[in-house]
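Engineer: mind folding the following:
(chains A and B)
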2 protein chains.
Amino acid sequence: MIRFVVAGHRAIASGDFKLDDIAGGAGRLDVLVRCVNSAFFLSHSIRTDVELYLILQGGEDAPKTVRFVGSELRYLNPDERSTASLIRNALLKKTGTCEARSSPGIYVSKDSFFDVIDKLKQISSIVYLKEDGNDVREYEFPENVTFVLGDDKDLTAEEENAVMSCSPSKICLGPISLHADHCMIVVLNELDRSNAV
Amino acid sequence: MIRFVVAGHRAIASGDFKLDDIAGGAGRLDVLVRCVNSAFFLSHSIRTDVELYLILQGGEDAPKTVRFVGSELRYLNPDERSTASLIRNALLKKTGTCEARSSPGIYVSKDSFFDVIDKLKQISSIVYLKEDGNDVREYEFPENVTFVLGDDKDLTAEEENAVMSCSPSKICLGPISLHADHCMIVVLNELDRSNAV
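Structural biologist: Okay, the predicted model is just below:
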């Protein structure tokens, strides 16, 4: 299983935003929405071996985690607006202490970034995508791997400390720093190649 | 210079569409919009060595070509809606026999796919991104290169004939077929790596 965790530092967790304004009033939700596209879309299918955790840390209801499970996903289209709508539906769902299902393959919980990292470090190898890491092309992917990224902002010092406490592999993707969703495309291409050998 | 040509087979050339409906009524303009994002955005800057040609072939005013010039671009944001708005502004501009400037770095003309390929084959090496091509990692990039892609549909037989008549390099990006915008990310990462050597 391949997992991605994306920290949305200002993304509004309440679901109180307009679909016309996901890059503004929704706290750069557009960045997270593009990560959904990158995580799952192939030319003729969906990546069923991927899970994506979006951590929304903006506004009064924060934090919330919206989890996408590739093997269960339905009703996902590649455009930003329709994906933002699925996320908003999840955020508008009442969440108690347990994770709730919003639509097929989409779940919402009150988990924080730190809760998510704590859970995933038990079941997978943590990889921190970072410019000063080792080249991804020399990395041997384990069977269960979790890649951690920031949105348009780097991880905060507290978030980075939580990740570093997992003794992660630090991996870089090339000589130029890329947007989070573009990083995911490069990582997945590398994984596709390593699985094809 | 790195150039991309993307054939938008149904994308509405008249500009007569709603920004809320770019994946529907605009003839899958969302695919082309994501290609703009892939072509130009880096973490902290714009790729100034890239040009992108979007060919809109849907509706009564077709064909039209919207050309993006990385070194001149202003007012470009990564979200789909704002980029679709820039494209619509270009399409609503009156076009005569010459290319017209719509906003900084964005030009519109009545050029067809075939016109664009005819022009670019004079000044650059044509590369056809295709599943049965040679691995991009074994390709030596020339200084001036043009990559040709379809949108969510493959090139038509006529389009493919026009490309093949340029004796293009046929290049594949990995073992799995990807969306056009994701292909562009993989190509650009490869170029970044080859330039860094």
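
Engineer: from here on, just use CA atoms for contacts and neighbour counts.
Structural biologist: Noted.

Engineer: now do the strands in chain A.
Structural biologist: A:2-12, A:50-58, A:64-69, A:100-103, A:106-109, A:125-135, A:145-150, A:169-172 (DSSP state E).

Engineer: can you list these in JSON lines and add mean neighbour count?
Structural biologist: Output for the strands of chain A, formatted as JSON lines (neighbours: other CA atoms under 10 Å in any protein chain shown):
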{"stretch": "strand A:2-12", "mean neighbour count": "24"}
{"stretch": "strand A:50-58", "mean neighbour count": "24"}
{"stretch": "strand A:64-69", "mean neighbour count": "24"}
{"stretch": "strand A:100-103", "mean neighbour count": "18"}
{"stretch": "strand A:106-109", "mean neighbour count": "24"}
{"stretch": "strand A:125-135", "mean neighbour count": "19"}
{"stretch": "strand A:145-150", "mean neighbour count": "22"}
{"stretch": "strand A:169-172", "mean neighbour count": "20"}
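
Engineer: okay, these in JSON lines with distance to chain B and mean pLDDT next?
Structural biologist: Listed next are the strands of chain A as JSON lines, based on distance: least, CA to the nearest CA, whole Å; pLDDT from 0 to 100:
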{"stretch": "strand A:2-12", "distance to chain B": "15", "mean pLDDT": "98"}
{"stretch": "strand A:50-58", "distance to chain B": "15", "mean pLDDT": "98"}
{"stretch": "strand A:64-69", "distance to chain B": "20", "mean pLDDT": "98"}
{"stretch": "strand A:100-103", "distance to chain B": "21", "mean pLDDT": "97"}
{"stretch": "strand A:106-109", "distance to chain B": "22", "mean pLDDT": "98"}
{"stretch": "strand A:125-135", "distance to chain B": "11", "mean pLDDT": "96"}
{"stretch": "strand A:145-150", "distance to chain B": "11", "mean pLDDT": "97"}
{"stretch": "strand A:169-172", "distance to chain B": "12", "mean pLDDT": "97"}
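
Engineer: which one of these lies nearest to residue B:81?
Structural biologist: strand A:2-12 (17.7 Å; CA to CA).

Engineer: which helix in chain A runs the most residues?
Structural biologist: helix A:180-196 (DSSP state H).

Engineer: how far away from the center of its chain is that helix?
Structural biologist: 14 Å (CA atoms, centre = their mean, to the nearest Å).

Engineer: contacting residues around stretch A:87-101?
Structural biologist: Here stretch A:87-101 makes contact (CA atoms under 8 Å, 6 or more residues apart in numbering or on different chains) with A:13-16, A:64, A:66, A:102-103, A:106-110.

Engineer: got the contact list for the spatially closest residue to residue A:134 that is not a sequence neighbour?
Structural biologist: Excluding the flanking residues, the one nearest residue A:134 by CA to CA, 6 or more residues apart in numbering or on different chains is residue A:171, at 4.7 Å. Residues counted as contacts of residue A:171 (CA under 8 Å, 6+ apart) are A:127, A:128, A:129, A:130, A:131, A:132, A:133, A:134, A:135, A:136, A:139.
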